[in-house]
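The amino acid sequence is not available; the structure is as follows:
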RNA sequence: GGCGCUAUCGUCUAACGGUUAGGACGGAGCCCUCUCAAGGCUUAAAUACGGGUUCGAUUCCCGUUAGCGCUACCA
């Protein structure tokens, strides 16, 4: 039975790195018919908030990837504690009565060069003394009694990083239970992995070295450790680890959502960061990803998200989003655009949006760009523009006026379809003896308020005769 | 400091020990064209460094350097 879990801790919004870990877990589970479990690792009572939990759930929901079971570690504290106490009873762990404090913290372990393994006198304390002091109410933390001087080497095979080995002499006596009685991450995580019968742990590479400790806990719990697959980390352009504190909202999933990314493009992009299908495919649907995903394709080196001060998104993410937008059925895209447009305060009907969509489909990279690209379809009154914009290339104001007057005549009679409009306007240009482009330019600006816009005939068709004529008349007035 | 992981164009990546080191994004240029896009074509751009092993190393081994991670009663 294949069971994987994604275990975020609710200490902030959903981080893109976490989202990527979730995606890889999901892909692996769904690819192999396994069970996807969401476990909220909220053992850090100080830092986790309900608000953060909600935002994580919201982010995961947006991704559109479902899970089968859900747990919360704070509901399972007894289970964790029991394992620690059991280890204590078996002598696999011991009480450490050293009081933690700012000074005790870094006094001699970080700079002395000596490896910190355990607090002197604690590990060796007799059972009687330990029990007596505990009974007297003295606070303590429970630590793993890591084998010393046995020359033992802990080994495991990581699905991504291959054979891993570390001497127990290099593993410190890490804490299992805090003086408050609360479990540490290592304890809670492993106890739950055992209880939930997790078969594969897929997580960030920052846990690669922690894995040796975890294997020790699994051993103490009397079970075979699960399979491990560690993922390369996501880095900022300067090579530093992506962090909420340092890099701000660019690491939040909601930033992508709110800027107009499609969830499937988001998934596509983050899959490609550290994983490759080994062929030249880049744009892939969720189904395609699900079909080809495997740990073999995962890279071992960290990947950088190439964002900058001016652009919070990697250009490739934006391009991929554009690819997804372009290849999507018009009706579907239109449905995604509706809420964006309405949220900006425009009231569009579904049919109007459906008409606009094909004109802008290959012109927007992010959903939100619809507002900048299609604004003139949505407003009654065009935003003010410089009348000089109306003057065509190699022409003057007089030519612009003539073109617009002719447009009035041509459009009044034209059939308002793409082909009908094209025929009418080309004929109009011919009548005036000017180039078609010189005819179209003033009309485009008159009708769109700017030189860069979707193709003219389709635009006019959607705008309709009445609006088109009114805007052209205004433009003529501007030129006088 | 100790322990561990990693190293191919700016970025993401491909390459059974034998390739003119491939693709993509981004950049530059050209074509198409009613503007903008989209599309097509062309182009610049990489095996960190030093030693081995081998007939032959991007690929295997060692070292150096650099980056990252862990080294908390955080996760």
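Structure's in. What do you need? Bear in mind that the values here come from a model prediction, so they are computed numbers and not experimental data. Numbers count the residues shown, from 1 in each chain, chains lettered A, B, ... in the order given.

quick one: contacts for residue A:322?
The contact partners of residue A:322, by Cβ atoms under 8 Å, 6 or more residues apart in numbering, come to A:362, A:364-366. Quick note: C-beta positions are derived from backbone N, CA and C, even for glycine.

10 Å instead?
Residue A:322 makes contacts with A:262, A:265, A:283, A:361-366, A:369, as judged by Cβ atoms under 10 Å, 6 or more residues apart in numbering.

Can you narrow the residues you listed down to the ones near RNA strand B?
Subset of these in contact with RNA strand B: A:362-363, counting by Cβ under 7 Å from any atom of the strand.

mind listing which of the contacts of residue A:322 are in strands?
The members of these all map outside strands under DSSP state E.

which other residues reach the helix or strand harbouring residue A:457?
Taking DSSP states H and E as the definition, residue A:457 sits inside helix A:456-463. Residues outside helix A:456-463 that contact it (Cβ under 10 Å, 6+ apart): A:352, A:355-360, A:374, A:376-377, A:407, A:411, A:414-425, A:439-441, A:443-444, A:447-448, A:453-455, A:467-471.

Quick one: mark the members of those residues that sit in strands.
Per DSSP E, the contacts of helix A:456-463 never map to strands.

From those residues, list the buried ones, please.
A:352, A:355-357, A:359-360, A:374, A:376-377, A:407, A:411, A:414, A:416, A:421-422, A:424-425, A:439-441, A:443-444, A:447-448, A:453-454, A:467-471 (16 or more other Cβ atoms under 10 Å).

Which ones among those lie within helices?
Among those, DSSP state H puts A:352, A:355-357, A:359-360, A:376-377, A:407, A:411, A:421-422, A:424-425, A:439-441, A:443-444, A:447-448, A:467-471 in helices.

near RNA strand B, from the residues you listed?
Applying Cβ under 7 Å from any atom of the strand to those, those adjacent to RNA strand B are A:422, A:440-441, A:444.

Who is residue A:175 paired with across the strands?
Note on residue A:175: beta-bridge partners residue A:143, judged by DSSP bridges.

SS state for residue A:192?
helix (DSSP: H, G, I helix; E, B strand; the rest coil).

give the contact list for it.
A:5, A:7, A:37, A:39, A:41, A:43, A:71, A:73, A:76, A:79-80, A:83, A:183, A:198.

RNA strand B contacts on the stretch 101-250 of chain A?
Contacts of the stretch 101-250 of chain A with RNA strand B, taken as Cβ under 7 Å from any atom of the strand, map to A:105, A:109-111, A:113, A:115-116, A:139, A:141, A:161-162, A:164, A:166, A:170, A:172, A:174-175, A:178-180, A:182, A:184-186, A:189, A:205-210, A:232-233, A:235, A:237, A:239-241.

Sitting in helices, which of these do you find?
Judged by DSSP H, these include A:105, A:185-186, A:189, A:210 as members of helices.

Most neighbours among the residues you listed, which one?
Highest neighbour count within those: residue A:189, with 25 neighbours (other Cβ atoms under 10 Å).

Run through chain A and note the low-pLDDT ranges.
Filtered on pLDDT under 70, chain A yields the residue ranges A:100-115.

Secondary structure element holding the residue lying farthest from the centre of it?
Distance from the C-alpha centroid of chain A peaks at residue A:431, with 56.0 Å (Cα atoms, centre = their mean). Taking DSSP H and E as the definition, one finds residue A:431 inside helix A:418-432.

now the residue farthest from the centre of chain A: how far from residue A:390?
19 Å (Cβ to Cβ, to the nearest Å).

OK, contacts around the nearest residue to residue A:301 once chain neighbours are set aside?
Nearest in space to residue A:301, with sequence neighbours left out and distances taken as Cβ to Cβ, 6 or more residues apart in numbering, is residue A:232 at 5.9 Å. Applying Cβ under 10 Å, 6+ apart, we find residue A:232 in contact with A:20, A:160-161, A:204-205, A:273-275, A:298-303.

Cool, thanks, talk later.
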